[in-house]
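Colleague: requesting a structural model of the entry that follows:
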Amino acid sequence: MKALIFAAGLGTRLRPLTDQMPKALVPVAGVPLLQRVILKLKDAGFGDITINIHHRGQQIIDFLHAHGNFGLDIHISDERTLLLDTGGGILHARRFLDGDEPFLVHNADILTDADLGALIDTHRRSGAEATLLVGQRTTSRYLLFDDALRLHGWTNKKTGEVRPTGLTGTYRELAFAGIHLLSPAVFRLMDDPLWQGRPFSIIDFYLHVCPHVRISGCPVRATHWFDTGTPETLARAEAWYARP
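Modeller: Purely as a prediction, here's the structure:
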């Protein structure tokens with residue numbers, strides 16, 4: 001199976017640590033984030049992996065070369081000229097990801113033992129265009145799902161904003177876990193001029209298309225999940241992975 005790892009982020013919340021290295025190469029218990037994610041995907045049966053790069057991108061290329069691409073077929077989706085955000089990054093990597101099977105997208109700063117097999121099974125059974133790993137963690141922003149775990153909207157609890165405007169009804173508020181499985185059909189939806197030639201968020205894309213196609217949620221099945229994008233969460237991940 002194919003996967004895309006988002007490794008192009010600036011890592012601004014981890015400065016000054018990320019001033020001289022990409023966030024994806026920040027070590028956790030002595031092992032770079034990117035290496036941990038690659039090995040997790042390899043263990044789960046993903047043999048064809050694309051990695052997008054931007055900030056300090058050459059360091060990622062050199063790191064992969066030094067490790068023989070971890071014995072995998074690895075492609076680089078180069079965004080050093082323009083950082084394309086999550087949706088634009090997926091579209092930019094289309095030539096590596098398009099095909100007959102769904103592909104996984106995994107943030108490089110997410111460390112978890114989440115059951116990817118369960119995500120794949122859920123996606124295939126639902127017939128969704130995309131299936132997002134979601135959980136009940138506390139955050140300010142939630143995706144809004146019905147009881148069948150079909151996406152309907154988004155809300156920011158701090159500001160009270162709800163999208164789409166005028167959405168009514170009662171929904172389950174679930175947080176996105178930074179891992180999702182997409183059917184190649186999403187690329188046909190992205191052929192709309194609205195998405196062409198510019199950076200855009202994949203969440204914005206999901207919210208735009210969810211009234212017309214099925215975007216599903218899949219509850220996280222994991223003993224741990226860390227978004228290592230801040231010093232505090234990075235420290236918690238370090239403590240977990242450094243355990244004897």
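Colleague: following element in sequence after the longest strand along the chain, please.
Modeller: Longest strand in the chain, counting residues (DSSP state E): strand 172-182. The helix or strand immediately downstream of strand 172-182 is helix 185-189, counting by DSSP states H and E.
Colleague: now the strands for this structure?
Modeller: For the chain, the strands defined by DSSP E occupy 2-6, 27-28, 31-32, 48-53, 73-78, 103-107, 110-112, 130-135, 141-145, 151-156, 162-163, 172-182, 215-219, 225-227.
Colleague: please name every helix or strand in contact with the second one.
Modeller: So that's strand 27-28. helix 231-241 (3 or more CB pairs under 8 Å, 6 or more residues apart in numbering; DSSP states H and E). Quick note: C-beta positions are derived from backbone N, CA and C, even for glycine.
Colleague: and the contacts of the helix it packs on?
Modeller: Applying CB atoms under 8 Å, 6 or more residues apart in numbering, the contact partners of helix 231-241 are 13-14, 17, 26, 28-29, 31, 36, 111, 224, 226-228.
Colleague: which one of those residues is nearest residue 213?
Modeller: Distances from residue 213 to those, taken as CB to CB, are shortest for residue 227 (27.3 Å).
Colleague: identify the spatial nearest neighbour of that closest one, chain neighbours not counted.
Modeller: Spatial nearest neighbour of residue 227, excluding adjacent residues (CB to CB, 6 or more residues apart in numbering): residue 233 at 5.5 Å.
Colleague: so what's the residue count around that neighbour?
Modeller: By other CB atoms under 10 Å, 16 other residues sit near residue 233.
Colleague: that one and residue 226, how far apart?
Modeller: Applying CB to CB, to the nearest Å, the value for residue 233 to residue 226 is 6 Å.
Colleague: coming back round to it: nearest approach to residue 243 belongs to which of the strands of the chain?
Modeller: Of all the strands of the chain, strand 27-28 comes closest under CB to CB, at 12.0 Å.
Colleague: run the chain-centre distance for that closest one.
Modeller: For strand 27-28, the separation from the chain centroid amounts to 19 Å (computed by CA atoms, centre = their mean, to the nearest Å).
Colleague: check stretch 7-21 too.
Modeller: Using CA atoms, centre = their mean, the offset of stretch 7-21 from its chain centre is 17 Å.
Colleague: and for stretch 123-140?
Modeller: 11 Å.
Colleague: what's in contact with it?
Modeller: By CB under 8 Å, 6+ apart, the residues outside stretch 123-140 that reach it are 102, 114, 119, 122, 143, 145, 151, 156-158, 174-183, 185-186, 189, 206, 209, 213-220, 225.
Colleague: of these, grab the buried ones for PyMOL.
Modeller: Per 16 or more other CB atoms under 10 Å, the buried members of the contacts of stretch 123-140 correspond to this PyMOL selection:
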select buried, resi 102+114+119+122+143+145+151+174+175+176+177+178+179+180+181+182+183+186+189+206+209+213+214+215+216+217+218+219+220+225
